[in-house]
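Participant: How does the following fold in three dimensions:
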Amino acid sequence: MPHPEAQVRPLGGDQQLGALIAEGKVDVVIFFWDPMQPQAHDVDVKALLRLAVVYNIPMACSRSTADFLISSPLMTRPYAPAATDYSAYIGRQVD
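Facilitator: The predicted structure is shown next:
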């Protein structure tokens, strides 16, 4: 079911969804899009996909993957995804 606060459209909904991911309010993303059509907001969609990976959020972009996510035994019990520690990356020296 879509999150009531965000819809991914060229009007900034993808940024809203990204913010919800960063706030820990999203457990899974199912994002269907037509790969045969040009995406006017392709950069924004890629940013959303990147956020899902950074925050270790399961994401499905096809019906088959969504079926696997929804039918997973992990959907019916508590699950805490492993968080990646980016402190070394953030604290690196950039020349």
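
Participant: Mind listing what's buried along the longest helix belonging to the chain?
Facilitator: Ranked by residue count and defined by DSSP state H, the top helix of the chain is helix 42-54. By neighbour count on 16 or more other C-beta atoms under 10 Å, the buried set for helix 42-54 is 44-45, 48-49, 51-52. Any C-beta I mention is one placed from the backbone N, CA and C, and that applies to glycine too.

Participant: Number of residues surrounding Ala40?
Facilitator: Residues within reach of Ala40, counting by other C-beta atoms under 10 Å, total 10.

Participant: what about it, distance to Asp14?
Facilitator: Distance, Ala40 to Asp14, by C-beta to C-beta, to the nearest Å: 12 Å.

Participant: ok, now Val29?
Facilitator: 11 Å.

Participant: shared neighbours of these two, anything?
Facilitator: Leu48 (C-beta atoms under 8 Å, 6 or more residues apart in numbering).

Participant: How far away from the center of its chain is stretch 36-44?
Facilitator: Remark: stretch 36-44 is offset 16 Å from the chain centroid, using C-alpha atoms, centre = their mean, to the nearest Å.

Participant: So for it, mean pLDDT?
Facilitator: Average pLDDT, stretch 36-44: 80.

Participant: One more: stretch 52-59?
Facilitator: 92.

Participant: picking up where we left off before, what is the longest helix of the chain packed up against?
Facilitator: helix 13-22, strand 59-60 (3 or more C-beta pairs under 8 Å, 6 or more residues apart in numbering; DSSP states H and E).
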